[in-house]
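Novice: Pasting the sequence and the predicted coordinates here, then a few questions.
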Amino acid sequence: MNHFTTLLTLCMMSLTTIAQENPVYFPAHQLTTVGAYYYPEHWDESQWDRDLKKMADMGFEFTHFAEFAWAQLEPEEGVYDFGWLDRAIAVAARNKLKVILCTSTATPPVWLVRNHPDILITREEGTRYDHGSRQHASFSNEYYRSYAMKMIAELAKRYGEDERVMGWQLDNEPHSTVDYGDDALKRFRIWLKEKYHTIEALNHAWGTNFWSGTYSSFDQINLPQHRQWGMNLYQRLDHSRFCDHETSTFLDEQARTLRQHISPRQWITTNFIPMYDARFIGADKELDFITYTRYMVYGEHKGIGEEGYRVGEYTRIAMANDYFRPLSPLYGVMELQPGQVNWGTVNSQPLPGAVRLWLWHVFAGGSRLTCTYRFRAPTYGFEQYHYGIVGTDGVTSTSGGREYQQFIDEMNQLRAHYDQQQPPAAYLNRKTAILYDPDNSVAIEQNKQTHNWNTEEHLLKYYRALKSFGAPVDFIRDSTDFTRYPVIVVPAYQQMSHSLIRKLTQYAENGGNLILSCRTGHQNELGHLWEAAHAEPIYELIGGEIAFYDLPQSFAPGTVEMEGYKYRWNSWGDILQPSGTTESWAFYRDLFYAGKTAVTFHPLQNGSVTYVGAESLEGDLEQAVLRKVYNRLEIPIENYPPGILVEYRDGFGIAMNYRDSSYTIELPAESEIIIGNKEIPTAGVLVWKTK
Ligand code: GAL
């Protein structure tokens, strides 16, 4: 079962490719480049030079302009004013700052809205958004789409050959616009027709024989009322797929428009919020790479210990890195919190050191570009009270600003040590993939079966365990080459085609190791339960049957026992019946099925399939099962406590501490410490060079 020589070689090959990609945009020896948002239109022009000089003096290498400036760029229909932007770019260049330009589509000007109110999003209950905020125009409105392209083309003609402009960001934090306007309805019907071709195929997929739902033509179909009780599940699922499709095609259209006029030296990206149910992330076909935005302290996450909420939940950056990198090997972080924000439930001060910790964390994942929102703290507007790199006086560095400056200084130090080394073999050997499809999350959310279920939390139980092992993790899709990974976790992958089941089977037979969790393979690719025993098409793969599943009440959790340890659970439990050589690893200890199997291990030719039928409350069962699998496979793993993260990139090891106490790490022999000490304080970082 130990096939690691080949797998290790494959892992090393894939990392080498990643390290060498796109040297033109971001040379490898630069490691990462740091920039800050600046809004020239917010400030008196006499201050631009002072501000951008300060930015450059602090070590920032680029700035970011024109994100929400459509009204300033096109003050009247067809009348463009690029003078102010020309001058702002000149000031940036004078201060040796490169520029990212944005397409401003998140903020249509008032004349556009008043002349064409249909561009505004119509909500489910029929009311429309209005001018005065942002992101209120619909990606499904055809006039808005086409008019936006005119403005983008003008921008591209003006700056597409400008050497001072390094790249373009499309829109801002593109999301799914759920619009009930006329164009959205028309386009939804067209999208359905292209997907199903015939109304009979749609009726079959949507199961419309149920409750007399049958359609006789595509024109009878409306945008589904998601709040109407009992609304067709497949119609709702298709509608959310359609909205995501509108987003990615709008981005692609923007990119194609830009490309008609810009030099290949300028890249195109956008800045997504890491939302794990968004299918549009990574679905575009035209972007050079994607970036994400991250805010860590805004009242929602407890972190570890009493003041952990000021450091943030450690998986938030970790998982965003591991999710974005496989989708876009060259990726960046376009917004990273500089200090207090204004929009959270409780906008606390981050703990001193936390901003620098996040910077190191995005770097550790492989990011090539890091930008902060924003350089100057705003004195007016919706985001009053939001921190910047400098405060409301426009000149004094904030605590976050000083931490950025420290990180930039440290990055310069690191650049001097760069000589392209591979991560240690032990790290690569435990590389693990998580097979993930956002469609499953949306579908499960619509039909949860128990309020005790949370798909992202389920996933996180496996993810946290893998991070405690010090494993590099990639989130992968069903089209990925599975053979690059010695172990693949498949958590709650509800919808599976026969071909995916075959692909997983071949992977295991050829030496791969799968860990499947409950709720996997229950439905076919249409989202229908199989006309067979529950999840029957995966029985051969898992080496056993699922007799039934149970969903206990939260006030009466059950217990699973493995090797003398007990684990509490209360959301989903598959009651398993192993067959043949399949081993029972864990058992239900109470409830009316006490003694039945909860976890199985199926040796399958050269590989293995572990099936974890129950989801534990604390994630401790998941961790114990994964540990047992790695031990069985003789893959050496670490045992880091929650909140300690260790990653390698470009020949550097980086350890980060999100805990409420210091942590002393053992380093591989012959490591050379570059930044920090082996005893890492709360919010501290240690960086070393591997030999
Ligand atoms: C982000 C957004 C920025 C800014 C920021 C404030 O989500 O992309 O434009 O609003 O929040 O923290």
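Specialist: Looks like it came in fine. These numbers were taken from a predicted model, which means no experiment stands behind them.
Novice: wait, what's in contact with the residue lying closest to Pro578 once chain neighbours are set aside?
Specialist: Excluding its sequence neighbours, the residue lying closest to Pro578 (Cβ to Cβ, 6 or more residues apart in numbering) is Gly544, at 4.0 Å. For glycine as for every other residue, the C-beta is placed from the backbone atoms N, C-alpha and C. Counting by Cβ atoms under 8 Å, 6 or more residues apart in numbering, Gly544 touches Leu576, Gln577, Pro578, Ser579, Thr582, Thr597, Thr600, His602, Tyr611.
Novice: Stretch 57-75 and the ligand in contact?
Specialist: No: shown here: stretch 57-75 not in contact with the ligand (Cβ under 6 Å from any ligand atom), separated by at least 6.8 Å.
Novice: what about that stretch, how long is it end to end?
Specialist: One end of stretch 57-75 sits 34 Å from the other (Cα to Cα, to the nearest Å).
Novice: Repeat that for stretch 60-68.
Specialist: By Cα to Cα, the extent of stretch 60-68 from end to end equals 22 Å.
Novice: Could I get the average pLDDT for it?
Specialist: Stretch 60-68 carries an average pLDDT of 98.
Novice: again with stretch 643-655
Specialist: For stretch 643-655, mean pLDDT rounds to 97.
Novice: Low-confidence stretches in the protein?
Specialist: Flagging of the chain using pLDDT under 70 yields the residue ranges 1-23.
Novice: State the helix or strand in which Thr63 lies.
Specialist: Using DSSP states H and E, Thr63 maps to strand 62-65.
Novice: Excluding chain neighbours, what is closest to Asp474?
Specialist: Pro326 is the one closest to Asp474 (Cβ to Cβ, 6+ apart), at 4.3 Å.
Novice: mind checking how far the one you found is from Gly388?
Specialist: Separation of Pro326 from Gly388 (Cβ to Cβ, to the nearest Å): 33 Å.
Novice: which of the two has more neighbours?
Specialist: Gly388 (24 against 20; other Cβ atoms under 10 Å).
Novice: My assumption is that Cys371 lies in a strand; please confirm.
Specialist: Yes: read with DSSP: H, G, I helix; E, B strand; the rest coil, Cys371 is one of the residues of a strand.
Novice: Mind listing the residues bridging to it?
Specialist: Beta bridges link Cys371 to Gly35, judged by DSSP bridges.
Novice: you'd agree it is up against Met334?
Specialist: Yes: counting by Cβ atoms under 8 Å, Cys371 touches Met334, with 5.1 Å between them.
Novice: Output the set of residues of the protein in proximity to the ligand.
Specialist: Residues of the chain lying close to the ligand by Cβ under 6 Å from any ligand atom are Asn172, Glu173, Thr293, Tyr295, Glu335, Val341, Tyr373, Glu383, His386.
Novice: The first one reaches Ala69, doesn't it?
Specialist: Looking back up the chat, that one is Asn172. No: Asn172 is beyond contact range of Ala69, at 11.3 Å (criterion: Cβ under 8 Å).
Novice: Spit out the residues that contact these two alike.
Specialist: Cys102.
Novice: what's the following helix or strand after the helix or strand harbouring Asp86?
Specialist: Assigned by DSSP H and E, Asp86 falls within helix 83-94. Sequence order places strand 98-102 as the next helix or strand after helix 83-94, per DSSP H and E.
Novice: Any chance you could list what contacts that next one?
Specialist: 35, 61-69, 89, 92-93, 155, 159, 164-172, 371.
Novice: Neighbours of the closest residue in space to Ser608 that isn't next to it in sequence, how many?
Specialist: Counting by Cβ to Cβ, 6+ apart, Ser608 lies nearest to Asn513, which is 4.9 Å off, once chain neighbours are set aside. Residues contacting Asn513 under the criterion other Cβ under 10 Å number 27.
Novice: What backbone torsions are found at Asn513?
Specialist: Phi and psi for Asn513, reported as degrees, to the nearest 10, are phi -130, psi 120.
Novice: ok, it touching Thr483?
Specialist: No: between Asn513 and Thr483 there is no contact under Cβ under 8 Å: 11.9 Å.
Novice: Outline the domain layout of the protein.
Specialist: As given by automatic domain parsing, the domain ranges for the chain are 2-117+145-175+242-415, 431-632, 644-689.
Novice: Nearest approach to Gln135 belongs to which of those domains?
Specialist: Among the domains of the chain, the nearest to Gln135 by Cβ to Cβ is domain 2-117+145-175+242-415 (5.1 Å).
Novice: I'd say Asp660 and Tyr309 touch.
Specialist: No: Asp660 is not in contact with Tyr309 according to Cβ under 8 Å; the separation is 10.8 Å.
Novice: These two: which is more packed in?
Specialist: Using other Cβ under 10 Å as the criterion, Asp660 and Tyr309 rank with Tyr309 on top: 21 against 16.
Novice: Hmm, Lys689 and Ile675 touching each other?
Specialist: No: Ile675 is beyond contact range of Lys689, at 10.2 Å (criterion: Cβ under 8 Å).
Novice: I'd like the distance between Gly573 and Ser616.
Specialist: 10 Å.
Novice: and for the two, which residues touch both?
Specialist: Residues within reach of Gly573 and of Ser616 at once, by Cβ under 8 Å, 6+ apart, are Val560.
Novice: Please state the backbone phi and psi of Leu516?
Specialist: With angles defined as degrees, to the nearest 10, Leu516 sits at phi -100, psi 140.
Novice: didn't it look like it was pressed against Ala492?
Specialist: No: Leu516 is beyond contact range of Ala492, at 9.2 Å (criterion: Cβ under 8 Å).
Novice: more crowded one of the two?
Specialist: Neighbour totals were compared for Leu516 and Ala492, and Leu516 leads with 27 against 21 (other Cβ under 10 Å).
Novice: show me the contacts for the more buried one.
Specialist: By Cβ under 8 Å, 6+ apart, the neighbours of Leu516 are Val490, Tyr493, Ile538, Leu541, Ile542, Val609, Thr610, Tyr611, Val612.
Novice: circling back: for the residue nearest to Ser608, which residues count as its bridge partners?
Specialist: Beta-bridge partners, per DSSP bridges, of Asn513: Val487, Ser608.
Novice: OK, now which residue of the stretch 1-150 of the chain is nearest to the ligand?
Specialist: Nearest residue of the stretch 1-150 of the chain to the ligand: Glu67, at 6.8 Å (Cβ to the nearest ligand atom).
Novice: Please tell me how far that residue sits from Pro352.
Specialist: 29 Å.
Novice: Spell out, range by range, the strands that occur in the stretch 101-250 of the chain.
Specialist: 165-170 (DSSP state E, counting those that start in this stretch).
Novice: returning to that earlier point: now restrict the contacts of Gly544 to buried residues only.
Specialist: For the contacts of Gly544, a neighbour count by 16 or more other Cβ atoms under 10 Å gives the buried set as Leu576, Pro578, Thr582, Thr597, Thr600, His602, Tyr611.
Novice: Buried residues, the top strand by length along the chain. List them.
Specialist: Counting by DSSP state E, the longest strand found in the chain is strand 565-578. Residues of strand 565-578 classed as buried: Tyr567, Trp569, Asn570, Ser571, Trp572, Gly573, Asp574, Ile575, Leu576, Pro578 (neighbour count, 16+ other Cβ under 10 Å).
Novice: quick one: contacts for the third one?
Specialist: Yep, that's Asn570 we're talking about. Asn452, Pro552, Gln553, Ser554, Ala556, Pro557, Gly558, Leu617.
Novice: gap between the residue nearest to it when sequence neighbours are not counted and the ligand?
Specialist: Distance criterion Cβ to Cβ, 6+ apart; nearest residue to Asn570, sequence neighbours excluded, is Pro557 at 3.8 Å. As defined by Cβ to the nearest ligand atom, to the nearest Å, Pro557 lies at a distance of 37 Å from the ligand.
Novice: In this structure Pro557 contacts Arg568, no?
Specialist: Yes: here Pro557 lies in contact with Arg568, judged by Cβ under 8 Å, at a distance of 4.8 Å.
Novice: related to what we said a few turns ago, the strand holding Thr63: how far from the chain's middle?
Specialist: Distance of strand 62-65 from its chain centroid, counting by Cα atoms, centre = their mean, to the nearest Å, is 23 Å.
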